[in-house]
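Visitor: below are the sequence and a predicted model; questions follow.
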Amino acid sequence: MTSQSSAFPHASRGEAGPVLTASLAIMLIAAATLAGAWFFQLALEILPCPMCLEQRYAYYFTVPFAALVALAAARGAPRGVVLAGLAVLMLAALGNAVFGAYHAGVEWDLWKGPTDCTGSGVDLGNAGSLFESLDKVKVIRCDEVQFRFLGVSLAGYNALISLLMAAIAAWGMARAARR
């Protein structure tokens, strides 16, 4: 592999490069966002609706894929390969930003959302306590906001975080293309 075709011509001297920086930043942001989502769910008992759970899919993809792009960049993979990796990360983040904005619009009653819901998964036990157990089920609707900070819901923050990750990927691609 020639230094012209690798993502980092000076990788042997330890130069990180924009692709490595961008992919590691995206990976850390996605991992922190997932950790935050699980903290809200498990520690604060702010349960996710079905759309909230679907928005996590992009993060579940992004964390390992960004790590793979970072590893490829650090090992001097061809520039086209790592730029394509950043492009995939950017598209995943942009798609998730659109989905988060759609969900936020559903929460603000700007448009109708899906009608399915989810509950807490209470053990119904025996038939005698069935009605008592049903009273404990908490159904989470996609159009009801459980938490807002500075007027923005978690779906809104997902859109903003996803846009940030897309911008970082675009920055990494632009900087690497100029080298």
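Guide: Thanks, I have it.

Visitor: specify the helix with the largest residue count in the protein.
Guide: helix 79-107 (DSSP state H).

Visitor: ok now that one, how far from the chain's centre?
Guide: Chain-centre distance of helix 79-107: 9 Å, with CA atoms, centre = their mean, to the nearest Å.

Visitor: then stretch 160-178?
Guide: 15 Å.

Visitor: how about it: buried residues?
Guide: Buried residues in stretch 160-178, counted by 16 or more other CB atoms under 10 Å: 161-166, 168-173, 176. Placement of C-beta: from N, CA and C, glycine included.

Visitor: kindly report the same for stretch 41-61.
Guide: Neighbour count says stretch 41-61 has 47-52, 55-56, 58-59 buried, by 16+ other CB under 10 Å.

Visitor: pLDDT of it, averaged?
Guide: Stretch 41-61 shows a mean pLDDT of 87.

Visitor: got it, and stretch 95-110?
Guide: 86.

Visitor: now tell me what touches it from outside.
Guide: 51-52, 54-55, 58-59, 111-113, 142-145, 152-153, 155-160, 162-163, 166 (CB atoms under 8 Å, 6 or more residues apart in numbering).

Visitor: show me these that map onto helices.
Guide: Of these, the ones assigned to helices by DSSP H are 51-52, 54-55, 58-59, 155-160, 162-163, 166.

Visitor: tell me the one of these nearest residue 79?
Guide: Checking the ones in helices among the contacts of stretch 95-110 against residue 79 by CB to CB gives residue 166 as the nearest, at 20.2 Å.

Visitor: ok, and the closest non-adjacent residue to that closest one?
Guide: In this structure, residue 166 finds its nearest non-sequential neighbour in residue 93, 3.9 Å apart by CB to CB, 6 or more residues apart in numbering.

Visitor: what's that neighbour in contact with, if anything?
Guide: 26, 58, 62, 162-163, 165-166, 169.

Visitor: at 6 Å what do you get?
Guide: Listed by CB atoms under 6 Å, 6 or more residues apart in numbering, the contact set of residue 93 reads 162, 165-166.
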